[in-house]
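Trainee: Mind folding the following:
(one chain, ligands or ions: 1)
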Amino acid sequence: MKNLWAPWRMGYILSDQKNDGCIFCPGPDRSKDKERLILHVGPSTIVMMNRFPYNNGHLLVAPIKHVSGLEHLSRQATLDLLVGVRKAVEILRGVMSPEGFNVGLNLGHVAGAGMEDHIHFHIVPRWKGDTNFMTVLGDVRVIPEHIRETYEKLKPFFNTSRGR
Ligand SMILES: [Zn+2]
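Mentor: Model (predicted):
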């Protein structure tokens, strides 16, 4: 069975970010958020677009804390993470009208985690007949224009989210 979340694409992200460390650690500099496709940085969670998405609107939600598993998060941070996932699903539903979602975690390399040091939820909106998307994108290493467009579409909704 193939890994659902296309983790081989995460390798590209890693190679893009060699000098900047972990992509899920937001750092203090917010000026590169757009370039990094970061939609929201809250007190305990970060939301970004996957630049090598499984589907259009593929989002990643991670805790701010650089941890490899949920067991390393406080109870509150775990709840905040799930609330962040819920919010991302709500926004995607409102903006992109998907017919379903795949939401999940890959824990550990054998499970397909491309970046196992910093846990992150994948949120993939699904539409009937979308299974050809990956084939269409192929191994394109530049960010396709539609990812930028989707980013601009989603960003205002994350700007207004508070308390995460
Ligand atoms: Zn990190």
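
Trainee: gap between the two ends of stretch 47-67?
Mentor: End-to-end distance of stretch 47-67 (Cα to Cα, to the nearest Å): 16 Å.

Trainee: Tell me where the chain is predicted with low confidence.
Mentor: Residues of the chain that meet the criterion pLDDT under 70 lie in 1-20, 131-144, 161-164.

Trainee: Might you enumerate the residues of the protein proximal to the ion?
Mentor: 22, 24-25, 66, 118 (Cβ under 5 Å from the ion). To be clear about C-beta, it is placed using only N, CA and C from the backbone, and glycine gets the same treatment.

Trainee: could you flag which of those are buried?
Mentor: Buried subset of the residues of the chain next to the ion (neighbour count, 16 or more other Cβ atoms under 10 Å): 24, 118.

Trainee: okay, the residues of the chain next to the ion in CSV with secondary structure next?
Mentor: CSV is the format used below for those (DSSP: H, G, I helix; E, B strand; the rest coil):
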residue, secondary structure
C22, coil
F24, coil
C25, coil
H66, coil
H118, coil
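
Trainee: For the residues of the chain next to the ion, give me a markdown table that also has distance to V83.
Mentor: What follows is the residues of the chain next to the ion, written out as a markdown table (distance: Cβ to Cβ, whole Å):
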| residue | distance to V83 |
| --- | --- |
| C22 | 22 |
| F24 | 17 |
| C25 | 20 |
| H66 | 20 |
| H118 | 19 |
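
Trainee: Kindly indicate which of the residues of the chain next to the ion lies nearest E90.
Mentor: F24 (21.4 Å; Cβ to Cβ).

Trainee: wait, isn't the closest one in contact with K65?
Mentor: No: taking Cβ atoms under 8 Å as the definition, F24 is not a contact partner of K65, at 9.7 Å.

Trainee: where's F101, which helix or strand?
Mentor: Assigned by DSSP states H and E, F101 belongs to strand 100-105.

Trainee: Buried residues in that strand, which are they?
Mentor: For strand 100-105, the neighbour count (16+ other Cβ under 10 Å) marks 101, 105 as buried.

Trainee: next one: it to chain centre, how far?
Mentor: The chain centre lies 11 Å from the centre of strand 100-105; the measure is Cα atoms, centre = their mean, to the nearest Å.

Trainee: Next, the buried residues of stretch 42-56.
Mentor: Going by neighbour count (16+ other Cβ under 10 Å), the buried part of stretch 42-56 is 42, 44-56.

Trainee: Just the endpoints, please. Distance across it?
Mentor: End to end - Cα to Cα - stretch 42-56 spans 23 Å.
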